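1. Predicted model and sequence follow; I will ask about them next.
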Amino acid sequence: MADELIDILDKVGKPTGEIRLKSEVHKLGLYHASVHIWFFTLDGKILFQKRSEDKDTFPGLWDISVAGHIGTGESPENSAIREIKEEIGLVISKDDLVFIGIRLGEKTPKPELFDNEFHYVYLAKLRVPIASLILQEEEVSDICLIEIDTLKNILKNPIRSKEYVPHDDTYYDFILKEIKNRL
């Protein structure tokens, strides 16, 4: 994966004016911003991507439809649009994105790698068949649609849930509630 420059934030999410390489940010545990885009269908399914085996964090696990770091000087919306095009080959506009909030995630995916991110979270309706999506092989190895109730059961299952990136329960509850409100 290519290293990229990202803006450093303080512990409450305000820019510090400092810019660092993503690899340095994760090594030092500095706060930074990312985008999470959750695609859903009107029949209550959510698009998940399986992370590439080459990813430095959570390789081979199922995760958010599309996610990525916000580049230096980039707006969250533009970052979301860029990441969607890069990871799944879908071109959307800002009008297709529904901003639902900012969530702080603090994880240590492995020793010496600290991921302290303010996630700018968006929802978007998936209006195309998943077979038409073009996956970025370096990032995404597979995609699938999962019904909301099936996902809830998976997350409660101590074995099956290990196949998914570990987001806390309040995060998933927040996402599922927001999606259900739009069905």
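-> On my side now, so go ahead.
2. Skipping its backbone neighbours, what lies nearest the most centrally placed residue in the chain in space?
-> With distances taken as C-alpha atoms, centre = their mean, A67 lies nearest the centre of the chain, 2.9 Å away. Spatial nearest neighbour of A67, excluding adjacent residues (C-beta to C-beta, 6 or more residues apart in numbering): H36 at 4.9 Å. In short, each C-beta sits where N, CA and C put it, glycine included.
3. Mind listing the residues bridging to the one you found?
-> Taking DSSP bridges as the rule, H36 bridges to A67, V121.
4. low pLDDT regions in this structure?
-> 1-2 (pLDDT under 70).
5. in it, which spans are strands?
-> Assignment of strands within the chain using DSSP state E yields the ranges 5-9, 15-21, 31-40, 45-51, 62-63, 66-69, 98-110, 113-125, 140-147.
6. Turn these into CSV, columns for distance to Y172.
-> Below are the strands of the chain laid out as CSV (distance: least, C-beta to C-beta, whole Å):
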stretch, distance to Y172
strand 5-9, 24
strand 15-21, 28
strand 31-40, 10
strand 45-51, 10
strand 62-63, 12
strand 66-69, 14
strand 98-110, 11
strand 113-125, 12
strand 140-147, 12
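7. quick one: which of those is nearest K177?
-> Taking C-beta to C-beta as the criterion, strand 98-110 is the member of these that comes nearest to K177, at 9.5 Å.
8. What residues sit buried inside that closest one?
-> Counting neighbours by 16 or more other C-beta atoms under 10 Å, one finds that the buried residues in strand 98-110 are 100, 103, 107.
9. got a markdown table for those residues, with distance to Y171 too?
-> Shown next, in a markdown table, are these (distance: C-beta to C-beta, whole Å):
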| residue | distance to Y171 |
| --- | --- |
| I100 | 11 |
| R103 | 6 |
| K107 | 11 |
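10. Kindly indicate which of those residues lies nearest G71.
-> Checking those one by one against G71 (C-beta to C-beta), the nearest turns out to be R103, at 19.7 Å.
11. In this structure the closest one contacts H167, no?
-> No. Taking contacts as C-beta atoms under 8 Å, R103 lies outside contact range of H167: 9.0 Å.
12. follow-up on the earlier one: look up how far L42 lies from the residue nearest to the centre of the chain.
-> Per C-beta to C-beta, to the nearest Å, A67 is found 22 Å from L42.
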